[in-house]
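Participant: predicted model follows, preceded by the sequence.
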Amino acid sequence: MPRPAGIYIDGTVGEGGHSRAILEASAPSGRIIGFDRDVEALAAAKEALQPFAERATLMHEHFREAAAVVRAMGLSGVDGILLDLGVSSRQLDSSARGFSFQAQGPLDMRMDFRESIRASDLVNRLPEPELARIIYEYGEERYSRRIARVVVRRRQSGPILTTQDLVDVIREAVPPSYLHGRLHYATRTFQALRIAVNHELDDLEPSLGMFADLLLRGGRLVVLSFHSLEDRIVKQTFRELGRGATGHFQVLTKRPLRPSPEECLSNPRARSAKLRVLARKEATA
Ligand SMILES: C[S@@+](CC[C@H](N)C(=O)[O-])C[C@H]1O[C@@H](n2cnc3c(N)ncnc32)[C@H](O)[C@@H]1O
């Protein structure tokens, strides 16, 4: 629970919903340092957090910069850190961003416009085995090789530039029975490309170590993840930190916390969420 005068990091500030809740709970003097690498999200967060502007510092940065920012602010650490990983509803719903197979748009998927590689670059340039590997590893897509093969065949007659182009290719590549599964047939390929474009998994483990080091005594690192690949990294990294020789950290969630059925009904995107918490002990023996 945030405390008055506490200092908190929101590593994925998005539209500022969680930051707002932390600022309210830590009133009157709690502070937030918020990060988002999406400049559009940050603009929305700035507006949403306007009433708290004096207590909120918002940075257009990747969250891996948090330690440098905290140091530059002259702080020795923070009381709590929240990461709500993955893509936001706002990003998914914006057809211009290309994250969703349900909205016609350019095949972009960059969270950070300063990055130069878009999903269309991967799809149009990667060798077939590398594309298949990405779709398999980051999407856990069983038809990864078939999809990569049809992508490569299709791009010979012209680049694949839109979300719809890619959905059409996937539909052609997978067996008919897969078209009527519980999960949309393009879900896993889109997830894989998004993870690859944004280096989501490569950055996570070192960032979790960095965040743990930033915790003051009694501080907590709370991570919300939305797919099994992410959750596995969080689980393993927390376990190693909890077992660490320093004895500084403790994992507070033996099993991840899951949303209630009521919450899943009111917010279907929450259904795959898992929350894990690591604490820095008050004092070490
Ligand atoms: C699920 S949303 C967070 C929503 C937020 N909790 C709210 O209340 O609105 C994830 C956000 O994190 C951002 N993000 C993802 N990875 C990031 C990273 N490595 N560094 C900074 N921001 C990141 C995304 O751009 C997106 O806006």
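Facilitator: On my side now, so go ahead.

Participant: A helix includes Leu42, no?
Facilitator: Yes: assessed with DSSP: H, G, I helix; E, B strand; the rest coil, Leu42 lies in a helix.

Participant: residues contacting it?
Facilitator: Each residue near Leu42 by CB atoms under 8 Å, 6 or more residues apart in numbering is listed here: 13, 36, 58, 60. Placement of C-beta: from N, CA and C, glycine included.

Participant: the third one in helix, strand or coil?
Facilitator: Three-state assignment for Leu58 (three-state DSSP): strand.

Participant: just use 475 as the starting number from now, easier for me
Facilitator: Sounds good: first residue 475 from here, last item Leu532.

Participant: please name the nearest non-neighbouring residue to it.
Facilitator: Distances taken as CB to CB, 6 or more residues apart in numbering put Gly508 closest to Leu532, at 4.6 Å, once the chain neighbours are dropped.

Participant: one more: Pro603?
Facilitator: Closest to Pro603 by CB to CB, 6+ apart is Ala622, at 7.5 Å.

Participant: just checking, the one you found touches Gly613?
Facilitator: No: if you go by CB atoms under 8 Å, Ala622 and Gly613 don't touch, sitting 11.1 Å apart.

Participant: what residues does this structure have near the ligand?
Facilitator: 486, 488-492, 509-512, 515, 536-537, 558, 560, 562, 585, 677 (CB under 6 Å from any ligand atom).

Participant: rerun that using 8 Å as the cut-off
Facilitator: 484-494, 509-512, 515, 519, 535-538, 556, 558-565, 585-586, 672, 674, 677, 681, 698, 700 (CB under 8 Å from any ligand atom).

Participant: can you select the buried ones from the residues you listed in ChimeraX?
Facilitator: Burial among these is assessed by 16 or more other CB atoms under 10 Å; the matching ChimeraX selection reads:
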select :484,485,486,487,488,489,490,492,493,494,509,510,511,512,515,519,535,536,537,538,556,558,559,560,561,562,565,585,672,674,681,698,700
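
Participant: now intersect the residues of the chain next to the ligand with the strands, please.
Facilitator: 484, 509, 556, 558, 698 (DSSP state E).

Participant: so what pLDDT did Val544 get?
Facilitator: The model reports Val544 with a pLDDT of 97.

Participant: what of Phe573?
Facilitator: 96.

Participant: with Gly655 instead?
Facilitator: 90.

Participant: residue contacts, Gln665?
Facilitator: Contacts of Gln665 by CB under 8 Å, 6+ apart are 612-613, 701.

Participant: any idea which helix or strand comes after the helix or strand harbouring the residue nearest to Pro603?
Facilitator: For Ala622, the host element (DSSP states H and E) is helix 618-629. Following helix 618-629 in sequence order, the next helix or strand is helix 637-647 (DSSP H and E).

Participant: how about that following helix, which residues are buried there?
Facilitator: 637, 639-641, 643-644, 647.

Participant: next one: stretch 584-591
Facilitator: 584-585.

Participant: ok, residues contacting it?
Facilitator: So stretch 584-591 is contacted by 511-513, 536, 561, 565, 571, 592, 671-672 (CB under 8 Å, 6+ apart).

Participant: is the closest residue to Ile483 other than its chain neighbours in a bridge, and if so with what?
Facilitator: Distances taken as CB to CB, 6+ apart place Ile555 nearest to Ile483, at 4.4 Å, with adjacent residues excluded. Assessed by DSSP bridges, Ile555 has beta-bridge partners Ile483, Leu695.
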